[in-house]
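[1] Got a predicted model here, sequence first, then my questions.
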4 protein chains.
Amino acid sequence: MSRVAVVGATGYAGAELVRILTGHPDVTLTAITSRQYAGEPFSTIYPALTGMTDLACEAHDIDRLKDRADVVFLSLPHQLPMTLVPELLQKGLRVIDLSADFRFTDVSRYEAVYQPHAAPALLDQAVYGLSEVYAERIGSARLVGNPGCYPTSVLLPLIPLIRHGLVSPVNLVADAKSGVSGAGRSLSLAAHFCEVSESFKPYKVAQHRHNPEMDEQLGLVAGYAVHITFVPHLVPMSRGMLATSYAQIMPSVGYRHIMECLNDCYGACPFVRLCGDDRLPDTRNVRGTNFIDIGFRLDDVGGTLILMSAIDNLVKGAAGQAVQNMNLMLGLDERAGLMPVPYPL
Amino acid sequence: MSRVAVVGATGYAGAELVRILTGHPDVTLTAITSRQYAGEPFSTIYPALTGMTDLACEAHDIDRLKDRADVVFLSLPHQLPMTLVPELLQKGLRVIDLSADFRFTDVSRYEAVYQPHAAPALLDQAVYGLSEVYAERIGSARLVGNPGCYPTSVLLPLIPLIRHGLVSPVNLVADAKSGVSGAGRSLSLAAHFCEVSESFKPYKVAQHRHNPEMDEQLGLVAGYAVHITFVPHLVPMSRGMLATSYAQIMPSVGYRHIMECLNDCYGACPFVRLCGDDRLPDTRNVRGTNFIDIGFRLDDVGGTLILMSAIDNLVKGAAGQAVQNMNLMLGLDERAGLMPVPYPL
Amino acid sequence: MSRVAVVGATGYAGAELVRILTGHPDVTLTAITSRQYAGEPFSTIYPALTGMTDLACEAHDIDRLKDRADVVFLSLPHQLPMTLVPELLQKGLRVIDLSADFRFTDVSRYEAVYQPHAAPALLDQAVYGLSEVYAERIGSARLVGNPGCYPTSVLLPLIPLIRHGLVSPVNLVADAKSGVSGAGRSLSLAAHFCEVSESFKPYKVAQHRHNPEMDEQLGLVAGYAVHITFVPHLVPMSRGMLATSYAQIMPSVGYRHIMECLNDCYGACPFVRLCGDDRLPDTRNVRGTNFIDIGFRLDDVGGTLILMSAIDNLVKGAAGQAVQNMNLMLGLDERAGLMPVPYPL
Amino acid sequence: MSRVAVVGATGYAGAELVRILTGHPDVTLTAITSRQYAGEPFSTIYPALTGMTDLACEAHDIDRLKDRADVVFLSLPHQLPMTLVPELLQKGLRVIDLSADFRFTDVSRYEAVYQPHAAPALLDQAVYGLSEVYAERIGSARLVGNPGCYPTSVLLPLIPLIRHGLVSPVNLVADAKSGVSGAGRSLSLAAHFCEVSESFKPYKVAQHRHNPEMDEQLGLVAGYAVHITFVPHLVPMSRGMLATSYAQIMPSVGYRHIMECLNDCYGACPFVRLCGDDRLPDTRNVRGTNFIDIGFRLDDVGGTLILMSAIDNLVKGAAGQAVQNMNLMLGLDERAGLMPVPYPL
């Protein structure tokens, strides 16, 4: 039974990690840390878990963790993980980092939108944790850079179609919508109830830091530079993310080719559910789950492919995919701990 | 491995039964029925469960069920179950009825607010399924009348205090608030999104049919006629119920006596969580769970006890308590199938 | 003082008409009709207006209206208005129809997505009621086809840019999001609270009937056939609509040209508010108002223009624009009755 | 035309004052202040008002206000107003204070739950601004202590019944529910979207500072000490407050006596709407308005009167009642500026 620790357990993604790992049949959650709540039982911060876990938060102290965990999840603001990861790896632990610090191959992209990187040499050995796309490499990784929520929802449907040349890599558009939990537990006017309720709005239009993350991944698949126009929006709900992406299909490509391509790539993937003619993705159907529901339609007049994908931003978009990656790294069933029966409503 | 069936599986309570029973480790869900959706896969009606169950809805046909189930859950509008239960019992099945048909001991109370009862003779052998209070009788029951959601939330904190004479049975008030799923999946203006959003309102004031159900139960405990003033309200959220009940404490009763009494009664009950000084019940903390969170405060000036209790109206208030009762009837661990780790938010 | 009547006053758009016209300083609301609620006071159906209006609903009887109104608003399901309008016009009344029946120039477009048209000869004299674009023609119209909510939000920002050749009419995309009130007051599972809450989803993808309406209008401006890829989504809120539209800019067009063009067209329009660099449209800011807030950003990498526009779907998207059109038809101040100070939150 | 100023204009109550006063026909809003936003146009903080007001926020500087205003609204945290009011009065201005500083007659009650009072001598001349109850005294007041939102909703229905001896002043209970805007614009976890959404919970049970405010007012009416048990709850919506109050009726008091008493007191009050048998108060019906909707039912079994009252906590519960009081003080029509037609939904 592997031992795991969560560093940064009281943010929303961290708390989801605690939830999933507490119920995981094949690993033991041995330690959780929090700067703000060191010393407090987890269940006083998240009373929903009263009676479900006795863990209390510790301070972030790598030395105290190293003998109690085989795998460490870092759920911290970017910039912190890159200072902690080298030591963790050196001590022989495996690391899954939920920040942006180890998502990029090209350090200049990272530095252009975040800040100077303190451990650029590690980027080579870090694996981008888009589970379905990089499952094999993740299986042997020591360090995984867990993808952003938006990139997860946009890339999974697009990558196979770009890779197999079914859509043009030019004029790509991703219009994405996220529930408020994506903004985390930190207080801000943008997440203040009365500012969000009965409000729908775009933000960081064509300026979101997940945009270069998507561009890099799409470029790696295409083999040349790709740019996607990306506009995120805020939805007055807690959880859920839906991306509607637009691409021009290549000549003579039809509905059937798209479906076959997605089926070939994802037919065997337990967390990808392809919607046929009879159903469209809806965030409710993936709420609290690690599923991504993917659907598409062709607008025949203009030859425009409309891809729709729904995830729970905190699960497949963060903590769930991180545990999926852990399962791959530890040789466990990919689904372990991630298959509670979803709520019908 | 016992076999179970759900009759009326596509309403919200029925769907929750399907969710819980699909994930239950010790029983097998063998059949689900629906008049409206006979022939359709459950997952086309509730796409969240796509890939999680292959069951399709059948018509309500007792004959076809009798050899495929040991326990039958009835999740139907009242008046229907009383026509089906006699046959089910005769065929040797155990029945857990989620309607009001078998909740009353005194048939005249039932008939005063529902309609003439077609099987009054069965009321004697039916056990009121308030799990924590009647666990022993439920264990040997063939027929359980599963409590209403409001009575569950109001009765659990009150019953021990009435029984042990800590509060007066006079001038009891229960001010209760429910999420919209309590109104079910049937269409109505009262559950139309634009009529509910940004609205909070009372309804059926002192006229709700759960009122005589509570009165009867409180009277059985007190040993004489008791009436509680009951006002339900509708909250603009999907799931959750919170009851705030007011009672006069008996002379020389203090905080400590209340806490001891509740602790004595419920300290060993896995689904009752008593909140101390540091926490108050909140529907979010029980969302999707079978927990009831109970807290209380004393208003010293007037000697008024304020009891607060939070449940998920579809789980502890319906499907969850029904499965808890099934566990008791089958001699399983009371918690079986009912302990997925709750979502922190 | 002109006299006005609302036919179909109890749907959401009709009720908004009653609200605005009740507070209008220059017209008198003399009659309101409803099939479902004939005989009932308006304030029993919408209790918010208790004490504000004494009007009761009448049956739809054109004969009874003709001597009591100079202008008639029709807020009915499409297909009904085309049977009523000829008689109303003949009796000398002016008509503003909120259905799709008189929005199209080309009857075949209408018939392709609605049904056979009973009064195609009237399409020639009907004016498309996009107030800011067709103000002059509306001023002298006898019959106005009031635009759909989606077309209003998408067309207002796009039309000037297409007209002046700043963006390409090829590969246009409109990704639009609407609050639930757009579905009206009729009951449906799609507007059932528990199905909408915590749900974000696309619907009628590339198949919505507002799509040909937009195509026709864009084509009229461009001078040749234009198609826009249109995907509507449902937002868990009551009121509000936001469209995010994507277009390729023409060579050497920059931010400044776009801003100048929109300013030239709309700078003098009281209901169009252009957002500069410091602000993005948000449905909250136009809630309950007749404003359209328009903002844009350029994605330099791909030369993609991102247009964002927010309206209240029931006001600028329906009843408000209809009253604005009435003001134009009657030679009143365009703003009359439409300028209550908006709520800050 | 009287000139008015709002000190503390950017909190939610202050912003509502700006909204109402901007649209008020009989006064001119000449100055608004804000510490946090001094120098910024109001419409950059509340973009909904873009184009509706040109006012920019000033620093709190009494000297600069004194020649530009006849009436000053203070919308500040308690403890600040008591240091500003003496100077304002001395300069001859009239003051309406929305904090608790001048609500109490008995300074010891105030000091028991707030802090030492810096201007206790002024309490004698301050009038409690419960408009319908103290209209006459408000008319001649120089200083009005505007009531809290909870006391407004609880006291208006109760006071006439206590005064006329129809209900017992013993064992009073007020179970109140408020939208989140009551917590103001200041950031807190309690108003963070993801903590509020799908949550219903009590808070400050029997410990809220509005409790002694109610006790004092009820005592003044009764002529002896009265205590009401008060439990506030938080509703997942922005605006709106509903109080459900419970009282024992006096012998031989019936439905008719209650209705007559309320009618006698409030029949001529433009903002009080009594609901008969056919309607119950609902926060939606008063949203954005200065109305209080009052309804009641008798629970015959126990002789318990159930009073229900709905207000918009920011309007009748704060800014609206403050303007109503200003109207009374200036001898204007009580309704001036407060009667925009309400939204039907």
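    Now that the structure is in, tell me what you want to look at. Numbering: from 1, shown residues only, chains lettered A, B, ... in the order given.

[2] How about the strand or helix carrying residue A:260 and chain B, touching?
    Using DSSP states H and E, residue A:260 maps to helix A:255-266. No. Figure legend: helix A:255-266 not in contact with chain B (Cβ under 8 Å from any Cβ of the partner chain); closest approach 12.3 Å. The way it works is simple: take the backbone N, C-alpha and C, and place the C-beta from them, glycine included.

[3] Contacts for that helix next, please.
    A:132, A:156-157, A:160-161, A:164, A:166, A:249, A:272, A:274, A:276, A:294, A:296, A:298, A:305 (Cβ atoms under 8 Å, 6 or more residues apart in numbering or on different chains).

[4] So what's the gap between that helix and the chain middle?
    23 Å (Cα atoms, centre = their mean, to the nearest Å).

[5] same thing with stretch A:236-244?
    14 Å.

[6] Over to stretch A:292-302?
    23 Å.

[7] Pull out the CA atoms of it and give them to me as CSV.
    Provided in CSV are the C-alpha atoms of stretch A:292-302 (Å, rounded to 0.1, in the frame of the first residue of the first chain):
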residue,chain,number,x,y,z
ILE,A,292,-14.9,14.1,-19.7
ASP,A,293,-18.0,14.1,-21.9
ILE,A,294,-17.2,14.9,-25.5
GLY,A,295,-19.7,15.7,-28.2
PHE,A,296,-19.5,17.4,-31.6
ARG,A,297,-21.5,18.7,-34.5
LEU,A,298,-20.7,19.8,-38.0
ASP,A,299,-22.0,23.0,-39.3
ASP,A,300,-22.2,21.9,-42.9
VAL,A,301,-22.6,25.4,-44.5
GLY,A,302,-19.2,26.6,-43.4
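
[8] quick check, nearest of the contacts of helix A:255-266 to residue A:21?
    Closest approach to residue A:21 among these (Cβ to Cβ): residue A:132, at 21.2 Å.

[9] can I assume the closest one is in contact with residue A:269?
    Yes. Residue A:132 sits in contact with residue A:269 when judged by Cβ atoms under 8 Å, with a separation of 4.9 Å.

[10] what about these two, which has more around it?
    residue A:132 (22 against 16; other Cβ atoms under 10 Å in any protein chain shown).

[11] do the helix or strand where that one lies and chain B meet at all?
    Per DSSP H and E, residue A:132 falls inside helix A:131-139. No. Helix A:131-139 stays out of contact with chain B when judged by Cβ under 8 Å from any Cβ, the minimum separation being 15.0 Å.

[12] Tell me which other helices or strands the helix or strand following that helix touches.
    Next along the chain after helix A:131-139, taking DSSP H and E as the criterion, comes strand A:143-145. For strand A:143-145, the packing partners by 3 or more Cβ pairs under 8 Å, 6 or more residues apart in numbering or on different chains; DSSP states H and E come out as strand A:94-97, strand A:127-128, helix A:320-330.

[13] Nearest to chain C among those would be which one?
    helix A:320-330 (17.3 Å; Cβ to the nearest Cβ).

[14] looking at this, residue A:176 is in a strand?
    Yes. Assessed by DSSP: H, G, I helix; E, B strand; the rest coil, residue A:176 belongs to a strand.

[15] Surely it is in contact with residue A:230?
    Yes. If you go by Cβ under 8 Å, residue A:176 and residue A:230 touch, sitting 7.0 Å apart.

[16] Between those two, which is the more surrounded one?
    residue A:230 (28 against 23).

[17] Touching stretch A:116-126 from outside, list them.
    Residues contacting stretch A:116-126 (Cβ under 8 Å, 6+ apart): A:82-83, A:85-86, A:89, A:97, A:101-105, A:107, A:110-111, A:141-145.

[18] Chain C next: which of the contacts of helix A:255-266 are close?
    residue A:298.

[19] which among the contacts of helix A:255-266 end up buried?
    A:132, A:156-157, A:160-161, A:164, A:166, A:249, A:272, A:274, A:294, A:296, A:298, A:305 (16 or more other Cβ atoms under 10 Å in any protein chain shown).

[20] and residue A:85, how far is that from chain C?
    31 Å (Cβ to the nearest Cβ, to the nearest Å).

[21] per-residue confidence for the closest residue in space to that residue that isn't next to it in sequence?
    Leaving aside its sequence neighbours, residue A:85 sits nearest to residue A:95 (Cβ to Cβ, 6 or more residues apart in numbering or on different chains; 5.5 Å). On pLDDT, residue A:95 comes in at 98.

[22] Can you show me the strands along the stretch 51-200 of chain A?
    Taking DSSP state E, counting those that start in this stretch, the strands of the stretch 51-200 of chain A run over residues A:57-58, A:71-74, A:94-97, A:127-128, A:143-145, A:172-178.

[23] need the residues of the stretch 101-250 of chain A near chain D, please.
    Near chain D, when you scan the stretch 101-250 of chain A using Cβ under 8 Å from any Cβ, you find A:180-181, A:185, A:187-189, A:191-194, A:196-198, A:236-238.

[24] roughly how far is stretch A:62-76 from the heart of the chain?
    20 Å.
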